[in-house]
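*Asks:* quick one: sequence plus predicted model below, questions after.
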Amino acid sequence: MERPQDIKQRLAITVIILFHLVGLIGLCLPQSRAIFLQLVPYHLLLMMAVIVFTHQPFNKQFILFIGLIFGIGFIAEWIGVHKSWLFGNYRYGDTLGLKFNDVPLIIGINWFLLVYCAGVLMQRTGVKNNWLRIITGATILVLLDMLIEPVAIRFNYWHWADDVIPIKNYACWFIISGLLLFVFEKFEFKKQSLVGAILLIAQFVFFGVLLLV
């Protein structure tokens, strides 16, 4: 007999694959693209719900972790948008939804999803050294950002000054990702289900295909 957690895991993975596949088809087809772009923030909220649904144990420590990553990620983006000290000179479009002081609120959730999924993936590799997990995880997130950037520009997620993605962006992605993965390690989450790793892989496939189409 399957354990409840195994059932939750299978359900979550099904939702991840299904919604990324449907979203991919919707964005690839010109007839449906505008509608699916409006759904991007809700897609991220759904992925957040999937992660929360499968994380064990769901306790005050986990809630604190979510809040901390959301806050640091949002502040980093605010500094980037208003000061250009981080990432470079860029501004957000309308695709990511409701903004606070020119920064989409959903961007904090996106940072949580990326950091959690990369952190879980690295823990599942069995690598014992914390710093090696952090450095490798941050590198993976930079590689993902390299796929995301051209797609994000095309779909009005954000735009760079002079349409040039600066090297500074990737350097800061590595530093911020490493910092947040360090926070992940400090919270000492035990190895979680496959859900986080599957979501990260789905992101690579999703943006990789959109980049090629």
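*Replies:* That came through fine.
*Asks:* from here on, just use CA atoms for contacts and neighbour counts.
*Replies:* Noted.
*Asks:* do you have the helices of this structure handy? List them.
*Replies:* For the chain, the helices defined by DSSP state H occupy 4-28, 33-38, 40-54, 60-83, 106-124, 130-154, 167-186, 195-212.
*Asks:* please work out which of these is packed deepest.
*Replies:* Of all the helices of the chain, helix 106-124 has the most neighbours on average by mean count of other C-alpha atoms under 10 Å, namely a mean of 23.
*Asks:* show me the residue at the heart of this protein, geometrically.
*Replies:* Among the residues of the chain, the one closest to the centroid is L114, at 3.2 Å (C-alpha atoms, centre = their mean).
*Asks:* would you mind giving the helices of the chain as TSV with mean pLDDT and distance to N89 added?
*Replies:* Putting these into TSV (pLDDT from 0 to 100; distance: least, C-alpha to C-alpha, whole Å) gives the following:
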stretch	mean pLDDT	distance to N89
helix 4-28	93	27
helix 33-38	97	24
helix 40-54	96	23
helix 60-83	96	7
helix 106-124	97	17
helix 130-154	97	13
helix 167-186	97	9
helix 195-212	97	22
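*Asks:* dump those into a markdown table; add distance to Y92 as well.
*Replies:* Converted to a markdown table, the helices of the chain look like this (distance: least, C-alpha to C-alpha, whole Å):
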| stretch | distance to Y92 |
| --- | --- |
| helix 4-28 | 19 |
| helix 33-38 | 14 |
| helix 40-54 | 13 |
| helix 60-83 | 8 |
| helix 106-124 | 10 |
| helix 130-154 | 10 |
| helix 167-186 | 15 |
| helix 195-212 | 18 |
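*Asks:* between those, which one is closest to L96.
*Replies:* helix 40-54 (5.4 Å; C-alpha to C-alpha).
*Asks:* quick one, that closest one and helix 4-28 angle?
*Replies:* Going by axes from the mean of the first three to the mean of the last three C-alpha atoms, to 10 degrees, helix 40-54 is angled at 170 degrees with respect to helix 4-28.
*Asks:* tell me which residues are up against helix 40-54.
*Replies:* By C-alpha atoms under 8 Å, 6 or more residues apart in numbering, the residues outside helix 40-54 that reach it are 5, 8-9, 12, 15-16, 19, 58, 95-97, 106, 109-110, 113, 193, 195-196.
*Asks:* circling back to that earlier point, from I7, how far off is the residue nearest to the centre of the chain?
*Replies:* Plainly put, L114 is 24 Å away from I7 if you go by C-alpha to C-alpha, to the nearest Å.
*Asks:* hmm, back to that, just to check, the residue nearest to the centre of the chain is in contact with I198?
*Replies:* No. Between L114 and I198 there is no contact under C-alpha atoms under 8 Å: 11.7 Å.
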